[in-house]
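Q: could you look at this predicted model? Sequence included:
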Amino acid sequence: MGSEGPKAVTINVTGFKKFQGVAENPTETIISNLKDFLGKKGLPTGVSLGSCTVLETAGEGALPMLYKVMESGISKTATSNEQIVWLHLGVNSGAVKFAIERQAVNEATFRCPDELGWQPQQLPIVTEDGGTSRTRETSCSIEAILKSLQKKGYDVTISDDAGRFVCNYVYYQSLRFAEQKGHKSLFVHVPLFSKIDEETQMHFAASLLDAIASTC
C-alpha cells in the first residue's frame, strides 16, 4: 500500500556471433561494448541494464544457452514491481536502416546451415504450438518506440518479417518464454557497420533502451 509507482525496468540484451556470409557481426561488438558505453552515457532513472549475452548463431543447438540466460534473468529480479524486457539484436546484411520486428513465425527454414551445422526446412520451431503459419507478436509498444527513435534522427522502420533463419528462431522462442513469464520481448535488426557506422549504432542501441523503458 502506497509503495506502488512506476515499474522499474530491467533490459537484458543479446546479440549474435559471426555466421556464414557475415564474418564480423555488428551485434557482437554492440553487446560487448554496451555496458561500458552506457556507463559513460547513463540510463534514465529506474532503468537498469541486465545481462548482455552474445549467442552462437544457431537455432536448436543454442537453445540451452538462451534458456539459461533467460532463466538467470528471472532469478536476479524477484520484485513484483519490475518489468523485465528481453531485447535481441541481429544483423540484416542487406539492410541500410534499423528494423523493429513486430512478430516471429513458428517456422525454421534456414537458407544455409547455422554455426552448429543445422539446416531445417519448413519445420515448426515449437511443435506444440501447431503449424508453421503460427505467429507470436511482441507486446512492446513498437509504434511509440519507432516515433521516439525517428525523433532522434535514426533511419528506422517496423518490419513484419524477421525471416526464417536464426533471428526469427530465437525471437519466437523468446516471445513464447516472455509470455509465459509476464515479460516483454523485442527483436531489432541492425545493418552492417559498412552501412551505418559503429558509433552511430552504439548511440542507437542506447536510444533504443531509452525508448523501450519509456513505453513499458
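A: Yes, it's here. Residues are numbered from 1 along each chain as shown.

Q: and the strands in this structure?
A: Remark: strands assigned in the chain by DSSP state E are 8-16, 47-55, 82-91, 98-101, 103-105, 135-137, 156-159, 184-190.

Q: name every strand pairing with the third one and say which way it goes.
A: Here strand 82-91 has these sheet partners by DSSP bridges: strand 8-16 (parallel), strand 184-190 (parallel).

Q: now mean neighbour count, distance to Leu34 and mean pLDDT too, for the strands of the chain, in a markdown table please.
A: Where you see a C-beta, it was placed from the backbone N, CA and C, and this is true even at glycine. Rendered in a markdown table, the data for these read as follows (neighbours: other Cβ atoms under 10 Å; distance: least, Cβ to Cβ, whole Å; pLDDT from 0 to 100):
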| stretch | mean neighbour count | distance to Leu34 | mean pLDDT |
| --- | --- | --- | --- |
| strand 8-16 | 23 | 6 | 95 |
| strand 47-55 | 19 | 5 | 95 |
| strand 82-91 | 24 | 9 | 96 |
| strand 98-101 | 22 | 16 | 98 |
| strand 103-105 | 23 | 23 | 98 |
| strand 135-137 | 16 | 26 | 98 |
| strand 156-159 | 17 | 18 | 98 |
| strand 184-190 | 25 | 13 | 98 |
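
Q: looking at the ones you listed, which is closest to Pro113?
A: Across the strands of the chain, Pro113 has its closest neighbour in strand 8-16 (14.9 Å, Cβ to Cβ).

Q: where does the protein dip in pLDDT?
A: Across the chain, the stretches falling below the confidence threshold (pLDDT under 70) are 1-6, 75-80.

Q: nearest the geometric middle of the chain, what residue?
A: The central residue of the chain, meaning the one whose C-alpha is nearest the mean C-alpha position (Cα atoms, centre = their mean), is His88 at 1.4 Å.

Q: how about it: what's its closest non-neighbour residue?
A: Leaving aside its chain neighbours, His88 sits nearest to Phe187 (4.6 Å; criterion: Cβ to Cβ, 6 or more residues apart in numbering).

Q: the one you found and Tyr171 touch, don't they?
A: Yes. Counting by Cβ atoms under 8 Å, a contact exists between Phe187 and Tyr171, whose distance comes to 4.2 Å.

Q: can you list residues touching both of the two?
A: Common contacts of Phe187 and Tyr171, defined by Cβ atoms under 8 Å, 6 or more residues apart in numbering, comprise 88, 101, 104, 162.

Q: before we move on, back to that, report the contact partners of the residue nearest to His88.
A: With Cβ under 8 Å, 6+ apart as the criterion, the residues that contact Phe187 are 87-90, 100-101, 104, 138, 162, 167, 170-171, 174.

Q: run the last query once more with 6 Å
A: 88, 101, 162, 171 (Cβ atoms under 6 Å, 6 or more residues apart in numbering).

Q: how about Asp36?
A: For Asp36, no residue counts as a contact, taking Cβ under 6 Å, 6+ apart as the criterion.

Q: circling back to that earlier point, what pairs with the residue nearest to His88 across the strands?
A: Once the bridges are assigned, which here means DSSP bridges, Phe187 pairs with His88, Glu101.

Q: now Val22
A: Note on Val22: beta-bridge partners Phe19, judged by DSSP bridges.

Q: so what's the residue count around the residue nearest to Thr109 when sequence neighbours are not counted?
A: Of all residues beyond its chain neighbours, the one nearest Thr109 is Arg164 (4.1 Å), with distances taken as Cβ to Cβ, 6+ apart. Other residues near Arg164 come to 21 when the count uses other Cβ atoms under 10 Å.
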